[in-house]
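S.K.: what shape does this take:
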Amino acid sequence: MEKHRCGWCIGDPLYESYHDNEWGVPLHDEQLLFEFLILETFQAGLSWITILRKRANFKLAFDNFDYKMVAQYNDAKKEELLQNAGIIRNKLKVNSAITNAQNFMKIQEEFGSFDSYIWSFVDDKPIVNFWKNHKDCPATTEISDLISKDLKKRGFKFVGSTIIYAFMQAIGMVNDHTIDCFRYKEV
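M.R.: All right, here's what the predicted structure looks like:
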C-alpha cells in the first residue's frame, strides 16, 4: 500500500526521500543546523528541489558545511565558489554564507551552542500544527518574524521570515506534515 505524503513532495523521488527521512525531524547537531541554514539561504528566490538537487555539490564546495572553515574563506575561495557550476553562483549568497558562519560561531559563544539559541524560540520543543492540506501552511509566523529580526540584528544575511520558517520546518522546530501524512505522528 502506498504511503500518504504531504502534497508538496509527491512525484519526485528526491523530494519524497527528503520528506520521508529528514523534513520535520528535530535536529540538534550544530553542523547539520549550519548546513540547513546555508541551504535555506541559498534557496532564497528559488525552489527547494533546485537546492536538493545541488546539495551534494554544496557539501563538497563548502567543506562539508564545516562552519569553522567557511568562516575563514578568503577571496580566492569565494572566487572558486563563484566559478563552481554545481552550486548557486550568487555573489551575495556566497558572501552571506561566510558572514553567517562567522555569526553562527558568535551565537555559539554567547549561548553555548546555536542549537540552544534557535530552539529557545520554541521552548525546546517542536510546535505541532494540524494542517489538512499543505497549502494551508503559512509561509511565515510570528516566531519566524522574531527569529528573522534577531538574526538580522546579529548580522546574518538572507534570513527573511519566509526563509526562517522554511528552516524551522526543515529542522523540526515545527511539524507541518499534514495530519494524513504518514510522517505526521512519526516526527
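
S.K.: for the chain, what's the longest helix?
M.R.: In the chain, with assignment by DSSP state H, the single longest helix is helix 91-111.

S.K.: list of residues touching that one?
M.R.: 30, 34, 37-38, 41-42, 44, 62, 67-68, 70-71, 73, 78, 81-82, 114, 117, 120, 151, 154-159 (CB atoms under 8 Å, 6 or more residues apart in numbering). (Each C-beta comes from the backbone N, C-alpha and C, glycine too.)

S.K.: mind checking which of those residues are buried?
M.R.: In these, burial by neighbour count holds for 30, 34, 37-38, 41-42, 44, 62, 67, 70-71, 73, 81, 114, 117, 151, 156-159, counting by 16 or more other CB atoms under 10 Å.

S.K.: tell me which of the residues you listed fall in helices.
M.R.: Short answer: the buried ones among the contacts of helix 91-111 in helices (DSSP H) are 30, 34, 37-38, 41-42, 67, 70, 81, 114, 117, 151.

S.K.: tell me the buried residues in the longest helix of the chain?
M.R.: Counting neighbours by 16+ other CB under 10 Å, helix 91-111 gives 93-105, 107-108 as buried.

S.K.: same check, this time on stretch 135-148
M.R.: Buried, per 16+ other CB under 10 Å, within stretch 135-148: 137, 140-141, 143-144, 147-148.

S.K.: filter these down to the ones in helices?
M.R.: Per DSSP H, the buried residues of stretch 135-148 map to helices at 143-144, 147-148.

S.K.: before we move on, back to that, identify the farthest-apart pair in the ones in helices among the buried ones among the contacts of helix 91-111.
M.R.: Leu81 and Tyr117 (26.5 Å; CB to CB).
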